[in-house]
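J.: Make a model of this:
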Amino acid sequence: MLFENAHIRTVEDFPTKGIKFFDITTMLNDADAYRQVADEMLAIARKVNPEVVVALESRGFFFGPIIAYQLGIPFVPVRKKGKLPADTYQETYNLEYGTATVEIHQDAMPKGKRVLLVDDVLATGGSMNAAVNLVNHFDPAEISLLFLMELTALQGRKRLEKYNIFNLIQL
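T.: Coordinates of the predicted model:
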């Protein structure tokens, strides 16, 4: 793997005091690193063989559409509350610094598909768990989870242990 942790900037006390934020814009600004990450995530996705890619707003959108496009399959966004125009399912979850609600369109995908959920980071697992709960409205045949990075100290994997979890790096 050519991609290295050095491509991720650590920002202390963002968005609030006591939070350590892992900024991937430094990786996105390096075309070779971004291409490597996209290629590695795509290789994992090919092995999973999904029928639909779902990604979480906002940083999951840096990877999910690329994967869906390359695989020639549909892309479904999970967005923050109030951003989708049609009828939605909603799920509220806890953040390290508050709560948030995410949504998916009620007609986002057919039932019974193999779904790959994509996001940039697995931290506590709250946002991904919310996305999984939204996808479960569609009775998926299988759910797999793909992250750029996993923050192992926060133990988000425990919350999602019944799913196949993949990541490129662990911090």
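J.: Got the phi and psi for the residue positioned nearest the centre of the chain?
T.: With distances taken as Cα atoms, centre = their mean, the residue of the chain nearest its centroid is residue 119 (1.5 Å). Per-residue torsions, residue 119: phi -150, psi 170 (degrees, to the nearest 10).
J.: again, but for the one 4 residues further on
T.: Recorded main-chain torsions at residue 123 are phi -110, psi -100, according to degrees, to the nearest 10.
J.: tell me the helices in this structure, going along the chain?
T.: 25-28, 31-48, 64-71, 126-135, 156-159 (DSSP state H).
J.: who touches residue 88 in this structure?
T.: Residues in contact with residue 88 (Cβ atoms under 8 Å, 6 or more residues apart in numbering) are 103-106. In this view, the C-beta of every residue, glycine as well, is placed from N, C-alpha and C.
J.: hang on, the earlier thing: and the pLDDT at the residue nearest to the centre of the chain?
T.: Residue 119 carries a pLDDT score of 97 in this model.
J.: With adjacent residues omitted, what lies nearest to residue 165?
T.: By the measure of Cβ to Cβ, 6 or more residues apart in numbering, the closest residue to residue 165 outside its immediate chain neighbours is residue 145, 4.8 Å from it.
J.: so the one you found makes contact with residue 128?
T.: Yes: judged on Cβ atoms under 8 Å, residue 145 makes contact with residue 128 at a distance of 6.1 Å.
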